[in-house]
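> The following comprises the amino acid sequence and a computationally predicted model.
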Amino acid sequence: MAPGLPSAMDRPHFIGIGGAGMSGIAKILAQRGAEVAGSDARESATAEALRALGATVHIGHAAEHLADDASCVVVSSAIRADNPELARAAELGIPVVHRSDALARLMDGLRPIAVAGTHGKTTTTSMLAVSLSALGLNPSYAIGGDLDEPGSNALHGGGEIFVAEADESDRSFHKYAPEVAIVLNVELDHHANYASMDEIYESFETFAEKIVPGGTLVISADQEGARELTRRVEGVRVVTYGEAEDADVRVLSVVAQGLRSEVTVLLDGRELTFGVSVPGRHYALNAVAALVAGVSLGVPAAELAPALAAYTGVKRRLQLKGEAAGVQVIDSYAHHPTEMTADLEAMRAAAGDARILVVFQPHLFSRTQELGKEMGQSLALADGSVVLDIYPAREDPIPGVTSELIIEAARAAGAAVTSVHDKDEVPSVIAGMAGPGDLVLTMGAGDVTDLGPRILDRLAQK
């Protein structure tokens, strides 16, 4: 049986309860019987989904939103020190708990799988949640994106497995003690928190050291950062996977079949072929990571492999938003050059002769400063791109850092790029560019996702 409520979390208050990670923890606590409350900057479908579970959700941040009898206040790294509810918690002496500590407590007494890596965490966590659920294992899970509807990013299950997305961006994944840890890749990102690759490696080494005795590290054999981490890790059982000849679980083939693919692996000396219901080699490799992790917990490979086909995608991960005037509009969360390249290559494999047009919104000034050139080079894989201004999220502007860094690099790489500063102009711009058979990708981690339906509406008027 799954455990009940962690102590001191029976009346939690979440600052920023609508966020992907925060809402998941709030949902699980509500399902375990906690009196959940919280606040968020704006109304959302996620807030409504939490209210449906009995949570109290205030819109806006104000000291009076925090109840005097709250047992703890849960925050993420995005919450600023001057938040009025945080100040009120200090006045009242209410303990403040970081999101990662709250999630770690939810895993107590269960068999956790923690999924880490610079890219692919949400997809791989989701693949495990869906496939293990399809097998009737009733896992709990906490994911950084919604599977199919608001609030589907987390569940309190009755089974013994807990699958969690483990975030390296603020080192919060050091709080977990997984039985199985997955590391999909290790690259330099999150430039506000990590100054060098050595700091990244040290952080992932610490994460690997947290694996419980007798546990397993499942790690890519293909990506150089992951291979370097494997060389550095000691004292833990390691299982590598990938297309490399020395992989413990070797991927023999990935065959594209339109918007899905078929994967064949060599596992324990036997060939195993299964389907993956989303396009792209990188998603196929994520599915193999999920397979190896499940097998490491004792789930039979012959059962888990076909169950992985039950996963049909996460919101914002190459999610088809609709079709109008013969044009398909697809939403991509890709915001790091590696992700952008992977998604564009996946669409190229699925699109055949169709043109691929991208609406790209850079995410974070620091990321654009460090990787703007590489982002521009990724856009050269598209047939045409519209580049928006940088989405700042939690950051203040950096002098001289604008979307022009990306546009110049894209044009230098031979890309056809249009700069658009006003988001409201994008639907008309795309309607003028796109013709029947084309694929349009809205790409980025910011509010570019809102443009998909508007582009479809404008295309329908052609």
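Done, it's in.

> Domain-wise, how is the chain divided?
For the chain, the domain assignment from automatic domain parsing gives the residue ranges 12-96, 109-310, 317-460.

> would you list the ones you listed in a markdown table and tack on mean neighbour count?
Just so you know, the C-beta spots here come from the backbone N, C-alpha and C atoms, and that holds for glycine as well. Formatted as a markdown table, the domains of the chain follow (neighbours: other Cβ atoms under 10 Å):
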| stretch | mean neighbour count |
| --- | --- |
| domain 12-96 | 19 |
| domain 109-310 | 20 |
| domain 317-460 | 19 |
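
> To Ala102, which of those lies closest?
Closest to Ala102 of these, according to Cβ to Cβ: domain 12-96, at 5.1 Å.

> gap between that closest one and the chain center?
Taking the mean C-alpha point of domain 12-96 and that of its whole chain, the gap between them comes to 22 Å (Cα atoms, centre = their mean, to the nearest Å).

> Other residues contacting the strand or helix carrying Ala208?
For Ala208, the enclosing helix or strand under DSSP states H and E is helix 197-209. Under the criterion Cβ atoms under 8 Å, 6 or more residues apart in numbering, residues 114, 116, 166, 168, 171, 173-174, 176, 181, 183, 186-188, 194, 217, 225, 228-229, 232-233, 235-236 lie in contact with helix 197-209.

> Distance check, Ala290 against Ile15.
According to Cβ to Cβ, to the nearest Å, Ala290 and Ile15 sit 32 Å apart.

> Mind putting the domains of the chain into TSV with mean pLDDT and distance to Ala102?
Shown next, in TSV, are the domains of the chain (pLDDT from 0 to 100; distance: least, Cβ to Cβ, whole Å):
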stretch	mean pLDDT	distance to Ala102
domain 12-96	94	5
domain 109-310	91	9
domain 317-460	92	20
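
> Mind checking the ones you listed for the one nearest to Pro6?
Closest among the domains of the chain, using Cβ to Cβ: domain 12-96, at 8.5 Å.

> and the end-to-end length of the closest one?
As for domain 12-96, its first-to-last residue distance stands at 10 Å under the measure Cα to Cα, to the nearest Å.

> before we move on, the earlier item: keep only those of the contacts of helix 197-209 that are in strands.
114, 116, 181, 183, 217 (DSSP state E).

> Show me the residue at the heart of the chain, geometrically.
Thr122 (3.4 Å; Cα atoms, centre = their mean).

> Check which helix or strand it maps to.
Assigning secondary structure by DSSP H and E places Thr122 in helix 121-134.

> residues in contact with that helix?
By Cβ under 8 Å, 6+ apart, the list of residues contacting helix 121-134 reads 113, 115, 117, 139, 141-145, 147, 155, 157, 159, 161, 163-167, 182, 184, 278, 283, 286-287, 289-290, 293-294, 299, 304, 307-308, 310-311, 314, 317, 333.

> what's whichever helix or strand comes after it packed up against?
Per DSSP H and E, the first helix or strand lying C-terminal to helix 121-134 is strand 140-142. Of the remaining helices and strands, those touching strand 140-142 by 3 or more Cβ pairs under 8 Å, 6 or more residues apart in numbering; DSSP states H and E are helix 20-31, helix 99-107, helix 121-134, strand 154-155, strand 161-165.

> Quick one, which of the ones you listed gets closest to Ile406.
Closest approach to Ile406 among the helices and strands packed on strand 140-142 (Cβ to Cβ): helix 121-134, 23.7 Å.

> Now do that closest one against strand 161-165, angle only.
Per axes from the mean of the first three to the mean of the last three Cα atoms, to 10 degrees, the angle that helix 121-134 makes with strand 161-165 is 160 degrees.

> Helix, strand, or coil at Ala445?
What DSSP: H, G, I helix; E, B strand; the rest coil gives for Ala445 is coil.

> so who does it touch?
Residues counted as contacts of Ala445 (Cβ under 8 Å, 6+ apart) are 333, 335, 363, 391, 393.

> Distance check, the last one against Ala41.
Per Cβ to Cβ, Ala393 is found 12 Å from Ala41.

> again, but for the fourth one
Taking Cβ to Cβ as the measure, Tyr391 and Ala41 are separated by 15 Å.

> check contacts around the residue nearest to Gly158 when sequence neighbours are not counted.
Leaving aside its sequence neighbours, Gly158 sits nearest to Asn138 (Cβ to Cβ, 6 or more residues apart in numbering; 4.8 Å). Shown in contact with Asn138 (Cβ under 8 Å, 6+ apart): 157-159.

> Please apply the same query to Pro337.
Counted by Cβ under 8 Å, 6+ apart, Pro337 has contacts 371, 374-375, 377-378.

> coming back round to it: mind putting the domains of the chain into TSV with distance to Pro6?
Shown next, in TSV, are the domains of the chain (distance: least, Cβ to Cβ, whole Å):
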stretch	distance to Pro6
domain 12-96	9
domain 109-310	10
domain 317-460	28
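
> Is Glu374 part of a helix or strand, or is it coil?
helix.

> Tabulate the contacts of Pro337 (CSV), appending distance to Val327.
Formatted as CSV, these follow (distance: Cβ to Cβ, whole Å):
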residue, distance to Val327
Leu371, 29
Glu374, 28
Met375, 24
Gln377, 26
Ser378, 22
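
> From those residues, pick the one nearest Thr449.
Looking across the contacts of Pro337 and measuring by Cβ to Cβ, the closest to Thr449 is Met375, at 17.5 Å.

> Hmm, the closest one is touching Thr368, no?
Yes: assessed by Cβ atoms under 8 Å, Met375 is found in contact with Thr368 at 7.2 Å.

> list residues touching both of the two?
Taking Cβ under 8 Å, 6+ apart as the contact rule, Met375 and Thr368 both touch 362, 406.

> can you tell me the distance between the two ends of stretch 127-142?
This stretch, stretch 127-142, spans 12 Å end to end (Cα to Cα).

> what does stretch 386-405 give?
Taking Cα to Cα, stretch 386-405 runs 14 Å from one end to the other.

> Give me the contacts around it.
If you take Cβ under 8 Å, 6+ apart as the criterion, stretch 386-405 is touched by 78, 192, 357-366, 368-369, 372-373, 376, 379, 406-407, 410, 417-421, 423, 426, 429-430, 433, 444-448.
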